[in-house]
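> coordinates for the following, if possible.
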Amino acid sequence: MREYGRTAAGEAVEEYTLRNSSGIQVKAITFGGILTSISVPDRHGRLANVALGFDSLAKYEAGHPYFGAITGRYANRIAGGKFSLDGVDYQLATNDGGNALHGGIRGFDKRVWRARALRADTLELRYHSADGEEGYPGALEVTVRYHLSEENALRIEYSAEADAPTVLNLTNHSYFNLLGEGEGAIYDHIVTINADRYTPTDAGQIPTGELAAVAGTPFDFRKPKALGAGSRSNHSQILQAKGYDHNFVLNRAGLAEDALAFAARVYEPRVGRIMEVFTTEPGLQFYAGNVLDTTLVGASGRLYRQSDGLALETQHFPDSPNQPQFPSTMLRQNQQFRSTTVYKFLTD
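As a prediction, this is how the structure comes out:
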């Protein structure tokens, strides 16, 4: 552990480094629980950081599109920042065209978490979210563990408990580029997503409620394909979101809620890096970095352009509190929330 810096408010921020015997290295800071670096080998054994991010706390505090952060209390969007629970209406802080996004104006990504290293390969982060924070009901105790295995898998375990009914949706918002951070566009990355359906959105990127078939659309990643063609498609959903930024309904038929299931695979043929994603969550937000616009300079000193990284955010569906046909995100008093996601790194 080392001191990473101090926030503008004077809070100390720490950096932790996880390592395994293969030489893989994961760095995280207590500000937002951000994964600042994930260094993995290519087919020739050459290590490179494959996670987009910055080289200083000041840059993270200045604002960014959630690079590497824990997002909550509700990851993704809630329409109008409004929902009802047990007959009570709640108004959340809005920060995305009138909607609530990723927890609001000061979500979990902007909070300093308490940390302890459990082992050289495991970091535990804790945060107390007060009743009424960003408009959410109930005080919430959240724990996130990052574990780097000898099998080159980064396991993220989430748990939480509230003292009153609330809604909860947690994810990690890392952006990946398997060529290496700052090494250019991801259009040649070959992607597989284990989903027969996705949730189309309206102009505000709120789900319409439909579970649409991916067959015959740019959203069909059931067989591996490169990103480029679909990113340039004239499909109305691609045009509206300026690329891929959609929730996929993962195929989980017959599995228990707490069972890990294959969600996605990303392969970069030039360097041979592979990332596989497994999760207990029902959904996966696939975002292809559509709004990266050369205003941010990454840790490599290079500008980030559109589609220089992709996010695979395991989650419950956007706007679930207002769409009762979606899997519930309600967390009852003293009920234990648990969720696990694994990002496994391999080479061809």
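
> restrict the lowest-mean-pLDDT helix or strand in the chain to CA atoms and write it as PDB.
Lowest by mean pLDDT, DSSP states H and E among the helices and strands of the chain is helix 228-231, with a mean of 94. The C-alpha coordinates for helix 228-231 follow below in PDB (Å, rounded to 0.1, in the frame of the first residue of the first chain):
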ATOM      1  CA  GLY A 228     -16.200  -2.400 -36.300                       C
ATOM      2  CA  ALA A 229     -19.100  -3.100 -38.700                       C
ATOM      3  CA  GLY A 230     -21.700  -3.000 -36.000                       C
ATOM      4  CA  SER A 231     -20.400   0.200 -34.500                       C
END
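
> off-centre distance for whichever helix or strand comes after that helix?
Per DSSP states H and E, helix 228-231 leads on to helix 236-241 as the next helix or strand towards the C-terminus. Relative to the chain's own centre, helix 236-241 is displaced by 21 Å; criterion: CA atoms, centre = their mean, to the nearest Å.

> got the phi and psi for residue 98?
phi 90, psi -10 (degrees, to the nearest 10).

> what's the spacing between it and residue 320?
According to CB to CB, to the nearest Å, residue 98 stands 18 Å off from residue 320. To be clear about C-beta, it is placed using only N, CA and C from the backbone, and glycine gets the same treatment.

> looking at those two, which is more packed in?
residue 320 (25 against 11; other CB atoms under 10 Å).

> list the contacts for the more buried one?
167, 169, 326-329 (CB atoms under 8 Å, 6 or more residues apart in numbering).

> also residue 285?
Residue 285 touches 75-76, 171, 245-248, 311-313, 315, 318, counting by CB under 8 Å, 6+ apart.

> ok, of the contacts of residue 320, which come out buried?
167, 169, 326, 329 (16 or more other CB atoms under 10 Å).

> the nearest residue to residue 99 once chain neighbours are set aside: neighbour count?
Using CB to CB, 6 or more residues apart in numbering and skipping the chain neighbours, the partner closest in space to residue 99 is residue 77 (4.8 Å). When neighbours are defined as other CB under 10 Å, residue 77 has 22 of them.

> kindly report the same for the one 10 residues further on.
Residue 87 is flanked by 5 other residues according to other CB under 10 Å.

> nearest spatial neighbour of residue 309, chain-adjacent residues omitted?
residue 175 (3.4 Å).

> repeat for residue 106
Using CB to CB, 6+ apart, the nearest residue to residue 106 is residue 134, at 6.7 Å.

> need the three-state assignment for that neighbour.
Secondary structure, DSSP: H, G, I helix; E, B strand; the rest coil: residue 134 is helix.

> what pLDDT does the model give it?
Residue 134 carries a pLDDT score of 98 in this model.

> what is the mean pLDDT for stretch 235-246?
For stretch 235-246, the per-residue pLDDT averages 97.

> can you list contacts of it?
Applying CB under 8 Å, 6+ apart, the set of residues contacting stretch 235-246 is 198-201, 203, 205, 217-219, 227, 230-231, 285-291, 306-307, 310.

> out of those, which end up buried?
198-201, 205, 218-219, 227, 230-231, 285-290, 307, 310.

> of the residues you listed, which belong to helices?
If you go by DSSP state H, the buried ones among the contacts of stretch 235-246 have 230-231 in helices.

> among the buried ones among the contacts of stretch 235-246, which ones are in strands?
By the criterion of DSSP state E, membership of the buried ones among the contacts of stretch 235-246 in strands covers 198-199, 285-287, 310.

> one step back: quick one: which of the contacts of residue 285 is nearest to residue 119?
residue 171 (24.2 Å; CB to CB).

> quick one: the closest one and residue 75, what's the gap?
Taking CB to CB, one finds residue 171 at 4 Å from residue 75.
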